[in-house]
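[1] Give me coordinates for this.
(chains A and B)
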Amino acid sequence: MSPQADFATFMLNYQDMVFTCAARLLADDAEAEDIAQEVFLRAHDHFRMLSASPTAGGWLKTVTTRLCLNHLQRYRGRWKLFSELRQPGAEGDAPGGAAVEFPSPDVFFAAMDAADRREALERALTRLPDRQRVPLVLFHFEDMSYEEISVKLGHSLAKVKTDIFRARAGLARALAPISGESNLT
Amino acid sequence: MPPSEPDPAERHIHALLRALPDRAAPRALAPMVLAEIRRLDARPWWRRPYSFWPPALRGVFLLLCAAAVGALAAGPTRLFGALARHSESLASLQSLGASLGGSVRDVFHAIPAPWLYGAIGTVAACYAALAAVTALVYRMFFHSKLRLSRRLSA
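    Numbering: from 1, shown residues only, chains lettered A, B, ... in the order given. Presented below is the predicted three-dimensional model:
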């Protein structure tokens, strides 16, 4: 098999993972596609090493996460003035950090099929503000600890914990109309 | 998620999120990447990153860099002075540059300080006003439409 065909196979094996990771961090499919393209171009430069490495998936995830965070901090941060002036009380903010209880996953979406469940959760994730969604994704999907996230994002540990807590509460509120109010509070 | 985490809310949301399957990448992604790789591979060597240059050219480039660093370390003034000693035209150019620099310095010193601060303040105010007007126009005419279309597509 030619190196080009090898790389095409490699890309097909990992493209969903890379795209999903970027889409969850950025909450924007078009931007996630651009980031995924950049990740695979970098992977192509290191393909000799990656093709023989059992940790290629980890390498791709690390690069994807780093590019997404750079994108959020550098590019999207510049446009905050234009698009996110209304920060306090924005969607997903829980004033006072009101406690939200989650039922077990078995009960949570009892009335929904798998596709609806997936779509509802993905949509709810997308609607969280960046400052809550990013630490939540890093914690739950990328298995980072609070401390690692704090270092990675340059925020205090307390802020990271608060943001993740508010993100969970925001998810619960967003999903409440779907799964039934009685299940959530 | 740390295994010792006792909070049930965290456990439940973790289980819900981790049960999500990967999303399918857009069909255009792989062809787009492969086309970009082909385009990048078709570039001549001088438009590629240094690590992709032929080894002989990399060596020549290193030598040239070393020579440039050496020239810089020797001091541009000394170099220019040595050249000026051998050339009348270079000496006159040097004196012309020095007199121009002196004139600019004199004009700058002649401007009263309040005028200077006023000019800097005016430029800063114009910049801030431009940013504010641009943000206002963007939010009025573009961002609201974007949010509406996102809400409709959701």
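
[2] how close does B:A119 sit to B:P8?
    In this structure, B:A119 and B:P8 are 63 Å apart, going by CB to CB, to the nearest Å. C-beta: built from backbone N, CA, C; applies to glycine.

[3] Just give me the neighbour total for A:H71.
    20 (other CB atoms under 10 Å in any protein chain shown).

[4] wait, doesn't A:L153 sit right on A:L69?
    Yes. Contact criterion CB atoms under 8 Å: A:L153 and A:L69 qualify, at 7.3 Å.

[5] who touches both of those two?
    A:V134 (CB atoms under 8 Å, 6 or more residues apart in numbering or on different chains).

[6] so where's the chain uncertain?
    Looking at chain A here, since you left the chain open. A:1, A:76-112, A:177-185 (pLDDT under 70).

[7] my bad, chain B
    Across chain B (using pLDDT under 70), the flagged ranges come out as B:1-6, B:77, B:80, B:84-86, B:142-154.

[8] Tell me the residues of it that contact chain A?
    With CB under 8 Å from any CB of the partner chain as the criterion, chain B meets chain A at residues B:1-2, B:8-10, B:12-26, B:28-30, B:32-34, B:36-37, B:40, B:131, B:134-135, B:138-139, B:143, B:154.

[9] Show me the helices in the chain, by range?
    With no chain named, the answer covers chain A. With DSSP state H, the ranges of helices along chain A come out as A:3-26, A:29-45, A:47-51, A:56-70, A:77-78, A:80-83, A:105-108, A:114-127, A:130-140, A:146-153, A:157-179, A:181-184.

[10] wrong one, I was asking about chain B
    B:8-18, B:29-41, B:55-74, B:76-86, B:88-110, B:113-138, B:144-153.

[11] Give the buried residues for stretch B:18-36.
    By 16 or more other CB atoms under 10 Å in any protein chain shown, the buried positions in stretch B:18-36 come out as B:20, B:23, B:25-26, B:29-30, B:32-34.

[12] before we move on, back to that, which of the helices of chain A is buried the deepest?
    helix A:130-140 (a mean of 24; mean count of other CB atoms under 10 Å in any protein chain shown).

[13] Contacts (any at all) between chain B and stretch A:65-72?
    No. Shown here: stretch A:65-72 not in contact with chain B (CB under 8 Å from any CB), separated by at least 14.2 Å.

[14] Show residues contacting that stretch.
    Contact with stretch A:65-72 is made by A:21-22, A:25-26, A:31, A:35, A:38-39, A:130, A:134, A:138, A:142, A:152-153, as judged by CB under 8 Å, 6+ apart.

[15] Take those residues and write them to a markdown table, including distance to A:H46.
    Supplementary listing: the contacts of stretch A:65-72 in a markdown table, determined by distance: CB to CB, whole Å:
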| residue | distance to A:H46 |
| --- | --- |
| A:C21 | 18 |
| A:A22 | 18 |
| A:L25 | 21 |
| A:L26 | 23 |
| A:E31 | 23 |
| A:I35 | 17 |
| A:E38 | 13 |
| A:V39 | 11 |
| A:D130 | 29 |
| A:V134 | 26 |
| A:L138 | 23 |
| A:E142 | 20 |
| A:K152 | 22 |
| A:L153 | 26 |
